[in-house]
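>>> Prediction below, plus the sequence it came from.
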Amino acid sequence: MIKVSHINKNFGKVHAVNDISFEIAKGEVVGLLGTNGAGKTTTMRLITGYLSADSGEIKIDGIPVDEDHIEARKKIGYLPENAPLYHEMETVEFIKYIGKLRSIEQQSLPSRIDEIVETCGLANVVGRMIGELSKGYRQRVGLAAAMIHKPQILILDEPTSGVDPITRRHFWSFIRTLADGGMTIFVTTHYMDEAQHCGRIVMINLGTIVAQGTPGQIIAQACPDIPEADLNMAFI
């Protein structure tokens with residue numbers, strides 16, 4: 001579903017992304033792990049077409065992003081770290097507005113809104129202004145907006161940043177449900193305990209991929225003296 005081949009992106013003298021390559025198959029949950037400033041957000045923006053790469057190629061379901069970013073974006077639901085919400089709008093009205101922007105047919109939009117409100121657990125905040133919601137609920141609204149058009153791929157940039165531990169656990173349970181339904185999910189995080197929920201991890205540092213593999217493989221590389229049976233404990 002996602003193929004990144006030898007991508008480079010510079011901002012002046014800063015090498016934000018340096019010759020990175022990886023692939024993500026349909027139904028995979030892949031985490032992009034790294035510290036702040038590692039290049040995670042730039043990589044996400046390149047994949048979603050919000051930035052253009054200096055060199056290399058990105059394909060979304062076989063579509064080159066730099067050649068047809070509109071068609072590529074139709075397959076993607078994207079939630080940036082700071083969800084782009086209109087705080088003065090009511091929750092459902094905002095989701096409806098995004099649905100119209102996504103060209104969802106007028107006759108099917110109300111039922112799709114009802115479905116996404118239930119899916120994202122927003123029933124308790126219907127009728128409330130977005131600006132009145134907690135950070136966790138605002139993230140849910142952003143997630144609903146990212147999913148309203150039923151994308152094949154969901155791209156999430158630090159989606160649990162600033163939310164409480166219970167909300168984080170619920171979020172990852174929700175992600176697993178989406179993946180079980182066939183959705184491809186690419187998510188950035190700098191939390192090692194969250195990375196264990198991903199089937200595979202791409203670890204990035206200073207714009208360069210330094211490791212790829214399952215959570216167990218990554219821990220084994222970083223901590224070779226930890227017995228294999230104790231690898232999962234390394235995330236706690």
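Arrived safely.

>>> buried ones in stretch 136-150?
By 16 or more other CB atoms under 10 Å, the buried positions in stretch 136-150 come out as 136-149. For the C-beta atoms, the positions are set from N, CA and C on the backbone; glycine is no exception.

>>> Which residues does stretch 71-86 contact?
1, 41, 44, 47-49, 60-61, 63-65, 94, 97, 130, 138-139, 141-143, 145-147, 149, 151-159, 161 (CB atoms under 8 Å, 6 or more residues apart in numbering).

>>> Among these, which are located in helices?
For the contacts of stretch 71-86, membership in helices holds for 41, 44, 47, 94, 97, 138-139, 141-143, 145-147, with DSSP state H as the criterion.

>>> Out of the buried residues of stretch 136-150, which comes closest to Asp19?
Ala146 (29.0 Å; CB to CB).

>>> neighbours of Leu51, just the number please.
If you count neighbours by other CB atoms under 10 Å, Leu51 ends up with 18.

>>> What count of nearby residues applies to the residue lying closest to it once chain neighbours are set aside?
Nearest non-adjacent residue to Leu51, counting by CB to CB, 6 or more residues apart in numbering: Arg45, 4.3 Å away. Using other CB under 10 Å, Arg45 is surrounded by 19 other residues.

>>> of the buried residues of stretch 136-150, closest to Glu90?
Nearest member of those to Glu90, counting by CB to CB, is Val141, at 10.4 Å.

>>> contacting residues for the closest one?
83, 85, 91, 94-95, 120, 122, 125, 130, 133.

>>> Tell me the pLDDT of it.
You'll see Val141 listed with a pLDDT of 95.

>>> Kindly report the same for the one 3 residues further on.
Ala144 is assigned a pLDDT of 95 by the prediction.

>>> where's it relative to Pro64, distance?
29 Å (CB to CB, to the nearest Å).

>>> Determine the set of other helices and strands touching the biggest helix by length in the chain.
Longest helix in the chain by number of residues (criterion: DSSP H): helix 165-180. Under the contact criterion of 3 or more CB pairs under 8 Å, 6 or more residues apart in numbering; DSSP states H and E, helix 165-180 touches strand 29-33, helix 135-147, strand 184-189.

>>> Please report phi then psi for the nearest residue to Arg168 once chain neighbours are set aside.
Closest residue in space to Arg168, ignoring its immediate chain neighbours: Thr160 at 4.5 Å, by CB to CB, 6+ apart. The phi and psi values for Thr160, taken as degrees, to the nearest 10, are phi -110, psi 10.

>>> Burial check on Ala83, number of neighbours?
18.

>>> what does Gln212 give?
Gln212 - counted by other CB under 10 Å - has 16 other residues nearby.

>>> cool, Asn36 as well?
8.

>>> per-residue pLDDT, it?
At Asn36, pLDDT is 87.

>>> Who are the contact partners of it?
Applying CB under 8 Å, 6+ apart, we find Asn36 in contact with His190.
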